[in-house]
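Student: Sequence first, then the predicted structure, then my questions.
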Amino acid sequence: MSQAVLGARVQRKEDARLVRGRGRYTDDIRLPGMLYAGVVRSPYAHARIRAIDTRALEKLDGVVRVYTGQDLKGRLGSIPTAWIPPDSDLKTVEHPALAYDKVRYVGDGVALVVATSRGVLEDALEAIRVDYEPLPAVYDQLAAMKQGAPQLHQDAPQNVALHWRAGTDTEDAFRRADVVVRRTFRQQRLIPNPMEPRCAVAQYDEATGELTVWATTQNPHIHRFLMANILGMPEHKLRVVAQDVGGGFGSKIACYPDEVLVGYAARDLRAPVKWTETRSEHFLVTTHGRDHVDEVELAGTKDGRILAVRVRAYANLGAYLSTAGPGVPTILFGLIVNGAYDIEAASSEVYGIFTNTTPVDAYRGAGRPEATYLIERMIDSYAREIGMDPVEVRRRNLVKKDQFPYTNPFGLTYDSGDYHQTLDLALKTLDYDALRQEQAALRQQGKYLGIGFSTYVEMCGLGPSQVAGAVGFQGGLWESALVRVHPTGKVTVFTGASPHGQGEETTFAQIVADRLGVPLDDIEVVHGDTDRISMGWGTYGSRTTAVGGGALALAADRVVAKAKRLAAHMLEVPEAAVEFEQGRFYPEGDRRRGVSLQEVTLQAYLAWNLPSDLEPGLEASAFYDPTNFTYPFGTHVAVVSVDAETGEVRLLRYLAVDDCGPVINPMIVEGQVHGGVVQGIGQALFEGARYDQDGQLLTASFLDYAMPKARSLPRLETLHTVTPSPHNPLGVKGVGETGTIASTPAVVNAVMDALSPLGITDLPMPLSPPVVWEAIQAARQSGGVS
Amino acid sequence: MADERVALQLVINGRLVRGDVEPRTLLAYYLRDELGLTGTHVGCDTSQCGACTVLLDGLAVKSCTVLAVQADGCRVTTVEGLASGGHLHPVQRAFQEEHGLQCGFCTPGAMMLAAWLVEQEPHADERAIREALDGLICRCTGYENIVRAIQRAQALSEASEEPGLQRAEGGRGR
Ligand code: FES
Ligand code: FES
């Protein structure tokens, strides 16, 4: 195999089925005798359940069974959270799969209906009558903390779920500062909306006691681990399968009541059961993201040196603690609020609050976009305060190349980087000086052009298990891989990661092809099935290639090491004198004689003549636990124009310069950047969940929740620098979330830059035309320059 | 009500199909549940996402907005019918070559829309392509590579003898 396989724009193996419409998504499954399940959901944000009347269902043919919360109470465990940040006094409140006394958000399930067809199910869901006693509700985290606010859980006074702090003392730095900048930012609630709604299909085998659950999950083994407990069944009798999953973005990490209920019903009814979320349900019940109110203070000198930053965050966690919910606004946010900057003192304090809203969990970037937004917006605010170009402020404060490994004020060790290089490359590509001149000229004509930067760093490649334990994640974060070479030399690879759009069937095959020297077509990557893969932690936190790929590289190397011993035996030379290159073993310095990996493999299986201490067969596994996180970084720049008459923001250019270490497949990496960037642009300009006073979600469909569309976007420009991570076998850093992390502040900074002649310093996201237009009107009326 | 069924007959991917459905059955579900053509996806319940797009008598339509009985007597092409004679349609090739898909969930609908667009407006420029994509929501790609894929499909179609779509529909003339 040529060396070119790593770093090549190899077309994706998964596309062969996907472009033919032959994907295997969960909802595509149809089993003989399969029943359809649906959940009756609360229309109230907060209410007591008085009674559930199912009598009307008796007249409906085809209704198999109805389960209410009372029916299941004591039969199913509580849906747990899997992240308990230390010293946060986390209130691990009960989360029943079906509410039995009180509902706590619109969408909270109260009954499960199982019917013989989709049509009957729809009729049945409408026919059930639930008598509620509505209670006062609260959707806003600040309001929820006030005296006298409605209480969601008895065990969480004032609705405080957690209170967590980290960092260093900042008092001294603030005393020494020439300038202190204070801002409060609201990072609005977002709805992940992968295009595939969630789904679960379960089948129980009475004879063996085995339950199979096909589910839309990013982490089937975590699902099995949690569900075995909730369902009260032995883990080895539960199989969780995620075949093709149509996007997740964090929203398919959590173990939800729905898949638990489907598993329960299939076991109870001895029949296969399917539940498929409607999009309307998705808006209400699949976890949301972000939703912070952040108070930030920055201390600096007047010549552009940042001395300290401190943050107090109020994170809305929704009605219950989701699987990773408590970890997102604490560990994944609070430990990196200094961003890519060398700041001597920093601290964060986080309140996690229960409200009568959909539970909040990871959404692409998970905590790190929130942290990056704060620091990147603060940098621009500070630059404006001291009258310095924001690029210059960045240049003066970015961690320098010779400072790596760099330990930040929270104790994280940034692995490697050349942050200034990405900035320089971005400036050169844009011709920054010319752009500023153009901006000045346009301002003369009363036109608003803005340039916004975001020089971000991300902590990803989650992560060292020891650290996972120290920060309260109730699992490990290593990854497993098994490389099996079959007797004919074909290869099957099993990974504990669970990609769902990221293309690892291809990148992982590239890694193995490179290590073993076999053609890509001879390699099959298997993922997402707890029966075929011993254990794994799944795909999130941009960990799959760094950690899962690392495991794979180690496993492949072990295969080669074993094959080498046999090759030495076959070639009759000492093992130390065997060289391996492009799939062939040679005696040192002798290219005429040699055996291919394929020939060696066959001998390994035949085992007619093996060295006495060598076992037959050829496969190897690895459980790779990284020693650190990885820290991709880069510079993103948005150029916008703002139409003062309509308030419309137009993106003129978007440039992403990223460094995620060596790139295995540039085509896939660019695709990840594109998608990530657009999700971040979505937050900046279009998306935002809104509730009314009663806790009703106002943005509950694609009609009301504005997803980014092709027509609102410019061509995206992507560039890379390459700084390997020093601590993983491939040097890779992860790229799944960088775009989302970087782009939101770049766009908002650009709009604020455009509006700076009007004296506008900050506006709440999303920067929709009415928000921008009103701000412009207000500024003009109060005498700002037009 | 539930057991009252209506007979229908349509040509799906060049094959005559006869069956009967509950009158309220949407075409999308008829294709998926009754015919096992699960390539057509359902991504929403408000007719916005376009994942369910198929060709109905040559027109790109969202199959979740059409009752199966309304398609009675029509020709339907789904993603499964896009390739012909073992050859991928130019749009399928282009999506693959330009990485126009990630999770693949919006892809069948995106490709049907693209196939229609490439046939209707073979020279649509980038702006026009972006506007034509208004009926599609893709959460993965940021649309960048879908746009590039459509541009490439235009080039591939132009280079090939026959317009790809007609080939996919079994050499039908218009
Ligand atoms: S499923 Fe038809 S438009 Fe969404
Ligand atoms: S490829 Fe995933 S939604 Fe478009």
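Tutor: Right, received. Where do you want to start? Model, not experiment: these values are computed from the prediction. Ligands and ions are numbered 1, 2, ... in the order given.

Student: pull the helix or strand with minimum mean pLDDT from the chain.
Tutor: I'll assume chain A. Of all helical and strand segments in chain A, the minimum by mean pLDDT, DSSP states H and E falls on helix A:465-470, at a mean of 92.

Student: my bad, chain B
Tutor: helix B:164-168 (a mean of 49).

Student: Okay, now the unreliable bits of the chain?
Tutor: Because you didn't say which chain, this covers chain A. A:1-3, A:784-786 (pLDDT under 70).

Student: Chain B was what I was after
Tutor: B:1-3, B:161-174.

Student: what are the ranges of the strands in it?
Tutor: Along chain B, counting by DSSP state E, strands occupy B:6-12, B:15-21, B:53-56, B:59-62, B:75-77.

Student: So for ligand 1, which of these sits nearest?
Tutor: strand B:59-62 (4.2 Å; C-beta to the nearest ligand atom). Heads up, the C-betas are built off the backbone N, CA and C, glycines and all.

Student: can you tell me how far the residue in the stretch 51-200 of chain A positioned nearest to ligand 2 sits from residue B:107?
Tutor: Nearest residue of the stretch 51-200 of chain A to ligand 2, counting by C-beta to the nearest ligand atom: residue A:195, 3.7 Å away. Residue A:195 sits at a distance of 9 Å from residue B:107 (criterion: C-beta to C-beta, to the nearest Å).

Student: These two: which has the busier surroundings?
Tutor: Per other C-beta atoms under 10 Å in any protein chain shown, whichever of residue A:195 and residue B:107 has more neighbours is residue B:107, with 31 against 27.

Student: Contact partners for the residue nearest to that one when sequence neighbours are not counted?
Tutor: Spatial nearest neighbour of residue B:107, excluding adjacent residues (C-beta to C-beta, 6 or more residues apart in numbering or on different chains): residue B:101 at 4.2 Å. Residues in contact with residue B:101 (C-beta atoms under 8 Å, 6 or more residues apart in numbering or on different chains) are A:15, A:18, A:19, B:95, B:107, B:110, B:140, B:141, B:146.

Student: looking at it, the fifth one is touching residue B:100, isn't it?
Tutor: If I follow you right, that is residue B:107. Yes - between residue B:107 and residue B:100 there is a contact at 7.5 Å, judged by C-beta atoms under 8 Å.

Student: CA atoms only: put the least confident helix or strand of chain A into PDB for me.
Tutor: Coordinates of each C-alpha in helix A:465-470 appear next as PDB, following Å, rounded to 0.1, in the frame of the first residue of the first chain:
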ATOM      1  CA  SER A 465      -9.900   7.900  32.400                       C
ATOM      2  CA  GLN A 466      -8.100   9.000  35.600                       C
ATOM      3  CA  VAL A 467      -9.100  12.600  34.800                       C
ATOM      4  CA  ALA A 468     -12.600  11.400  34.000                       C
ATOM      5  CA  GLY A 469     -12.800   9.900  37.400                       C
ATOM      6  CA  ALA A 470     -11.400  13.000  39.100                       C
END
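
Student: ok, and what's touching it?
Tutor: A:86, A:462, A:475, A:476, A:477, A:478, A:625, A:629.

Student: How about the helix of greatest length in chain A, which residues are buried there?
Tutor: What stands out as the longest helix in chain A, according to DSSP state H, is helix A:549-571. Residues of helix A:549-571 classed as buried by neighbour count (16 or more other C-beta atoms under 10 Å in any protein chain shown): A:549-560, A:562-571.

Student: go on, stretch A:691-708?
Tutor: Taking 16+ other C-beta under 10 Å as the criterion, stretch A:691-708 shows A:691, A:695, A:696, A:697, A:699, A:700, A:702, A:705, A:706, A:707, A:708 as buried.

Student: which non-adjacent residue is nearest the third one?
Tutor: Taking C-beta to C-beta, 6+ apart, and ignoring the residues beside it in sequence, residue A:696 has residue A:106 as its nearest neighbour in space, at 6.0 Å.

Student: The one you found and residue A:360: what is the separation?
Tutor: Residue A:106 is 15 Å from residue A:360, by C-beta to C-beta.

Student: the more surrounded of these two?
Tutor: Taking other C-beta under 10 Å, residue A:106 and residue A:360 do not tie; residue A:360 has more neighbours (30 against 27).

Student: The nearest residue to the more buried one once chain neighbours are set aside and residue B:148: what is the separation?
Tutor: Distance criterion C-beta to C-beta, 6+ apart; nearest residue to residue A:360, sequence neighbours excluded, is residue A:318 at 4.7 Å. Using C-beta to C-beta, residue A:318 is found at 38 Å from residue B:148.

Student: Those two: which has the busier surroundings?
Tutor: Using other C-beta under 10 Å, the more surrounded residue of residue A:318 and residue B:148 is residue A:318, with 28 against 21.

Student: That one touches residue A:359, doesn't it?
Tutor: Yes - Residue A:318 sits in contact with residue A:359 when judged by C-beta under 8 Å, with a separation of 3.7 Å.

Student: which helix of chain B spans the most residues?
Tutor: Chain B, longest helix under DSSP H: helix B:144-159.

Student: for the residue nearest to residue A:360, which residues make a bridge with it?
Tutor: According to DSSP bridges, the partner residues bridging residue A:318 are residue A:354.

Student: got the contact list for it?
Tutor: Here residue A:318 is in contact with A:105, A:287, A:288, A:325, A:354, A:355, A:357, A:358, A:359, A:360 (C-beta under 8 Å, 6+ apart).

Student: tell me the domain ranges of chain A?
Tutor: For chain A, automatic domain parsing gives the domain ranges A:2-20+A:478-624, A:31-132+A:208-245+A:257-263, A:289-462+A:628-781.

Student: Would you tell me which of the ones you listed gets closest to residue A:272?
Tutor: domain A:31-132+A:208-245+A:257-263 (4.1 Å; C-beta to C-beta).

Student: Could you measure from the closest residue to residue B:95 other than its chain neighbours over to residue A:717?
Tutor: Excluding the flanking residues, the one nearest residue B:95 by C-beta to C-beta, 6+ apart is residue B:149, at 4.6 Å. For residue B:149, the distance to residue A:717 equals 18 Å [C-beta to C-beta].

Student: out of the two, which sits in the busier spot?
Tutor: residue B:149 (29 against 16).

Student: State the helix or strand in which residue A:493 lies.
Tutor: According to DSSP states H and E, residue A:493 maps onto strand A:491-495.

Student: tell me the angle the next helix or strand after that strand makes with helix A:549-571.
Tutor: Once the chain leaves strand A:491-495, the next helix or strand it forms, by DSSP H and E, is helix A:504-516. Here the directions of helix A:504-516 and helix A:549-571 differ by 30 degrees (axes from the mean of the first three to the mean of the last three C-alpha atoms, to 10 degrees).

Student: in stretch B:8-27, what's buried?
Tutor: B:8, B:10, B:11, B:12, B:13, B:17, B:21, B:22, B:24, B:25, B:26, B:27.

Student: Thanks again, I'm all set now.
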